[in-house]
Structures are given as C-alpha cells and as structure tokens.
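Enquirer: everything below, folded, please.
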Amino acid sequence: MNRLNESIRAYLLLLAVAAGFVILGCERKETLLDVDTPGTSVEVERSTDTGEVDVSITDND
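Expert: As a prediction, the model looks like this:
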C-alpha cells in the first residue's frame, strides 16, 4: 500500500510539472511582416504578451 502511495505521489508531481510547462509555454509571437527575396529574408514579429518587436534579417547565400 505504501508503494502505491509513492507511485501516486510521483504521478501527481509529474502531472503538476507538465501542467506548469503547458501554462508557461513558449513565448507567443505574431508575424507582422515576412519578406523573402532571392538574397535576403526579413521577418518582423511582435510578442503578444509584452508588445516587444523583433526584426530578423537573414542572408540566403
């Protein structure tokens, strides 16, 4: 019986940790602009939580 209680506690702890990851999740962003050209790609994203804007420029060489 004691071993069953330990298993249940371990399962509940695992469930709580998994729920924490789901609630926190990844940073949510929305893409405002995505431009692909033969030489360069430009992507502008805004965080839906903070409003912070990120601009990424990538060379496609």
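
Enquirer: next, give phi and psi for Thr37.
Expert: Note on Thr37: backbone dihedrals following degrees, to the nearest 10 are phi -120, psi 170.

Enquirer: contact partners for it?
Expert: The contact partners of Thr37, by Cβ atoms under 8 Å, 6 or more residues apart in numbering, come to Asn60. For every residue, glycine as well, the C-beta is placed using N, CA and C.

Enquirer: repeat that for the one 3 residues further on.
Expert: Residues in contact with Thr40 (Cβ under 8 Å, 6+ apart) are Ile57, Thr58, Asp59, Asn60.

Enquirer: low-confidence ranges in the chain?
Expert: Using pLDDT under 70 as the threshold, the predicted model of the chain has low-confidence ranges 1, 26.

Enquirer: same for whichever strand or helix holds Glu30, what does it pack against?
Expert: With elements delineated by DSSP states H and E, Glu30 resides in strand 29-36, which encompasses its position. When contacts are defined as 3 or more Cβ pairs under 8 Å, 6 or more residues apart in numbering; DSSP states H and E, strand 29-36 sits against strand 40-47.
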